[in-house]
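>>> sequence first, predicted model second:
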Amino acid sequence: MNKLLKGITLSFILSIISQNVQAKSHDHGKEQIPVLKQDEIHQVVAKRVTNFFTQSHYRNFALDGAFSAQIFDRYFKLLDGNKSIFIQSDINSFRDRQESLGQELVNGNLNTAYDIYNRFLLKRYNRYQYALEVLQRPMDFSDNDEVDFNREEIAWPTSETELNAYWDKRVKYDELSLSLSGKNEKQIREVLTKRYNRVLKTIMQSNNEDAFQVFMNAFAREIDPHTSYLAPRKKRDFDSEMSLSFEGIGATLSQQDDYTTIMSFVTGGPAEKSKLLSIGDKIIGVGQKDSAIEDVIGWRLDDIVDKIRGPKGTVVKLEILPAGNNSKTKVIELTRDKIRFEDREAKLKIVDNQRGRVGVIEIPSFYMGLTGKVESLLLTANKENLQGLIIDLRDNGGGSLAEVITLTGLFIDNGPVVQVRDNLQKVITYNDRNKGIEYTGPLVVMINRYSASASEIFSAAMQDYGRALIVGETTYGKGTVQTSRNISYPVDARLHPNWPELGGAQYTIQKFYRINGGSTQLKGVEPDIEMNKVKYVDETGERFLDNALPWDKIPSADYLTLANIKPLLPDLESQHLARISKNSEFIYIDEDIKRFNDKKERQYIVSLNKKKRELEQKANDKRDLTRMNERLKKAGLPSITKLDDLPKDYKQPDAYLDESIEILLDFAPNYPKIESNKSISEIISFDSPIEKAN
């Protein structure tokens, strides 16, 4: 799936690392599989979310039998996307209920969804029990078997025997991967027994919210790819990501066996400042200031995290088993505080190139408060006598629409930034209304195929105004605007004080358009200068999603270009191509892209022959080692005999950034001077009068 649709990452890392190699399959009997059913509160949530989606979503759709059948298919796809759990008869056994799902959503009674999920738990349990059986067979990596992991488009298996054949190869793949890492047969069995039993344990710990969340998101994602139900925990994570902060103790946790272990600390957080905790300590109990400590051994990690988090200024009690074999438990108290994700904030670095001095502002996301941060960085940049500035939006998946509008305003005097159209076809133009420009020098914006949404609004506006040169790859192509709403109503706290958190709903309410009228939906933003000679032919981007909204266009907004940089592009591109044709890093990149493209049809097919895999691995290692020694030689560093010997502080070149700096230094001498105290109508293009964009 596309990188942009991955889940939100927070400081608490849900990384399950088990150490119990003695676990046996009979520890997790089938009778321990929970039978999930709908919580009463889920009826309320389902009805309210359904109302949000049917009444307020940008896409007009009828929640009829045909749409219900599509939800049915997507639900199975979310549960078993690679068709390794269910067989066709499982699907068929529920098929007569597929057209009733819409009415179940309206009524809030999701009986079919829970029946399907309970079947999923049973079938998944059976699959991993079978994997444990396969693990007992003799291991043979000498035949020419292959396993194909690209199973989304195949028909559902018709029998358990057919599924068994796939799982035989899947387990063999796991075994071979460990064998290639140097483990012997006994070690392989220990590791995989532990791994598969860990999955069985998670099945036993499934809860009603798990089923509800998957089904509600099957409904949401059938409407469009960026609509979703946010369970209470996900809603808190979403809010934390947007604000780059959360309230808690500031520790990164993982699960080892049945224990929750401290892996690292957030600098300046309560856990670090207390000096009462160490890396490797185990949290075995959690309580609040005025309540008893609960034993949390064996709990799901996300449930433990929920108990540890809490409002700033409140106290959490932790029962700790300190790292070490002979340690005694102790109880500590920590006062929660606001924790900042400083590594996700915008950052400025100054690069002294032989040809001049350049500033680079990296923007990982459009979080709340971004504009203020960048404004302060520009104050610093303006004191550095820069030849130009680069805004790095690579891998930036977007964020706040309000922030991208105000951020754009730092680089233009005033005028339209983006147009949006709602589900009533009403078009609104959002303008930068703040007079003045915070940075008036030459500007380059770096983008790639993972730059999306707000990143595309910013780069499109900079391109349409002629304010910046856009370099890199064509962007992702997400041209839709989402809103996030709390499912609870303000009156709920008074009428239903005992209700738990209800979570949130995120759904598409608008499509956005460039100020020139074109949509970035599906098409993205094309760079003025492509960074690579060779393009990837993979399926990254909105246009590859099966239910993405279509591309269209609207009339242009009323705006004036700041500069016509198009006449400069042929020379800039010529200089760029001349440089990268002799640049070893770009030669490596082009080789890698060609190799990826050549293997496109077989990129998910993996050999299960050990000698063949060893030869492939040896060739890859040799290529990587040769390249690394060439880099080290250029840097005046000694060569290495194996990649493991690479110095820990060695930083691999960022070829795209280095070349963007060169492009900026080519571009800067010809970019017109922009006065920050002038209105747009007074700014003169370097080679022509101001023109109105088409």
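Structure's in. What do you need?

>>> all contacts plus neighbour counts: C-alpha atoms, from now on.
Will do.

>>> which stretches of the protein have low pLDDT?
Under the criterion of pLDDT under 70, the regions of the chain flagged as low confidence span 1-28, 240-246, 256-258, 267, 298, 324-328, 340-343, 675-694.

>>> biggest strand in it, by residue count?
Ranked by number of residues, the top strand in the chain under DSSP state E is strand 504-513.

>>> show me what that strand packs onto, helices and strands only.
Applying 3 or more CA pairs under 8 Å, 6 or more residues apart in numbering; DSSP states H and E, one finds that strand 504-513 makes contact with helix 40-56, strand 228-230, strand 415-422, strand 480-486.

>>> between that strand and strand 415-422, how many degrees?
Calculated by axes from the mean of the first three to the mean of the last three CA atoms, to 10 degrees, strand 504-513 forms an angle of 120 degrees with strand 415-422.

>>> sort out which residues of strand 504-513 are buried, please.
Of all the residues in strand 504-513, those buried under the rule 16 or more other CA atoms under 10 Å are 504-513.

>>> for those, give me a markdown table that also has distance to residue 199.
Compiled in a markdown table, the buried residues of strand 504-513 are given as follows (distance: CA to CA, whole Å):
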| residue | distance to residue 199 |
| --- | --- |
| 504 | 28 |
| 505 | 29 |
| 506 | 30 |
| 507 | 32 |
| 508 | 35 |
| 509 | 38 |
| 510 | 40 |
| 511 | 41 |
| 512 | 42 |
| 513 | 45 |
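
>>> can you show me the strands along the stretch 501-650 of the chain?
Secondary structure of the stretch 501-650 of the chain, counting by DSSP state E, counting those that start in this stretch: strands at 504-513, 529-530, 605-607.

>>> repeat for the stretch 151-300 of the chain
With strands called from DSSP E, counting those that start in this stretch, the stretch 151-300 of the chain shows them at 228-230, 245-248, 251-256, 259-265, 282-288, 294-295.

>>> check the stretch 1-150 of the chain too.
Taking DSSP E, counting those that start in this stretch as the criterion, the stretch 1-150 of the chain carries its strands at 146-148.

>>> sorry, back to before: among the buried residues of strand 504-513, which two are most distant?
When the buried residues of strand 504-513 are compared pair by pair using CA to CA, the farthest-apart members prove to be 504 and 513, with a separation of 26.7 Å.

>>> measure residue 235 to residue 305 for me?
The spacing between residue 235 and residue 305, counted by CA to CA, to the nearest Å, is 14 Å.

>>> so of the strands of the stretch 151-300 of the chain, which one's packed in deepest?
Sort these by mean neighbour count, taking mean count of other CA atoms under 10 Å, and strand 228-230 sits at the top with a mean of 26.

>>> other SSEs contacting that strand?
helix 208-223, strand 504-513.

>>> can I get those in TSV with distance to residue 146?
Putting the helices and strands packed on strand 228-230 into TSV (distance: least, CA to CA, whole Å) gives the following:
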stretch	distance to residue 146
helix 208-223	32
strand 504-513	41
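
>>> which residues in the stretch 401-550 of the chain form helices?
Across the stretch 401-550 of the chain, reading from the start of the chain, the helices by DSSP state H, counting those that start in this stretch fall at 401-408, 454-465, 492-495.

>>> kindly provide the distance from residue 249 to residue 316.
Using CA to CA, which is the criterion applied here, residue 249 is 9 Å from residue 316.

>>> neighbour count winner among these two?
Applying other CA atoms under 10 Å to residue 249 and residue 316 shows that residue 249 carries more neighbours, namely 27 against 23.

>>> tell me the phi and psi of the more buried one?
In this entry, residue 249 is assigned phi and psi values of phi -110, psi -10 (degrees, to the nearest 10).

>>> that one contacts residue 334, doesn't it?
Yes. Under the criterion of CA atoms under 8 Å, residue 249 is in contact with residue 334, at a separation of 7.1 Å.

>>> so what sits against both of residue 249 and residue 316?
Where contact means CA atoms under 8 Å, 6 or more residues apart in numbering, the residues bridging residue 249 and residue 316 through contact with each are 308, 334-336.

>>> tell me which of those fall in strands.
Among the shared contacts of residue 249 and residue 316, the members falling in strands (DSSP E) are 334-335.

>>> could the shared contacts of residue 249 and residue 316 go into CSV alongside distance to residue 156 and neighbour count?
Rendered in CSV, the data for the shared contacts of residue 249 and residue 316 read as follows (distance: CA to CA, whole Å; neighbours: other CA atoms under 10 Å):
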residue, distance to residue 156, neighbour count
308, 42, 22
334, 52, 21
335, 52, 19
336, 49, 23
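
>>> and which of the shared contacts of residue 249 and residue 316 is nearest to residue 643?
When the shared contacts of residue 249 and residue 316 are compared for distance to residue 643, the smallest value, 40.4 Å, is given by residue 308; criterion: CA to CA.

>>> quick one: the closest one and residue 285 touch, right?
No. With contacts counted by CA under 8 Å, residue 308 stays clear of residue 285, the gap being 10.0 Å.

>>> now do the same contact list for residue 345.
Contacts were defined as CA under 8 Å, 6+ apart; by that measure residue 345 touches 244, 363-365, 370.

>>> at 7 Å what do you get?
For residue 345, the residues meeting the contact criterion (CA atoms under 7 Å, 6 or more residues apart in numbering) are residue 364.

>>> quick check: phi and psi on it?
Dihedral angles of residue 345 (phi, psi; degrees, to the nearest 10) stand at phi -80, psi 160.

>>> could you check how far it is from residue 278?
Going from residue 345 to residue 278 by CA to CA gives 27 Å.

>>> same check on residue 102?
Summarising the geometry, the distance separating residue 102 from residue 278, computed by CA to CA, is 51 Å.

>>> need the strands for the stretch 301-450 of the chain, in chain order.
Listed in chain order, the strands of the stretch 301-450 of the chain (DSSP E, counting those that start in this stretch) span residues 315-321, 330-335, 337-340, 347-353, 356-362, 388-392, 415-422, 427-432, 443-447.

>>> what about the first one, distance to the chain center?
This means strand 315-321. Averaging C-alpha positions (CA atoms, centre = their mean, to the nearest Å) puts strand 315-321 32 Å from its chain's average.

>>> do the shortest one as well
Going by CA atoms, centre = their mean, the spacing between the C-alpha centre of strand 337-340 and its chain's C-alpha centre is 22 Å.

>>> same question for the last one.
For strand 443-447, the separation from the chain centroid amounts to 22 Å (computed by CA atoms, centre = their mean).
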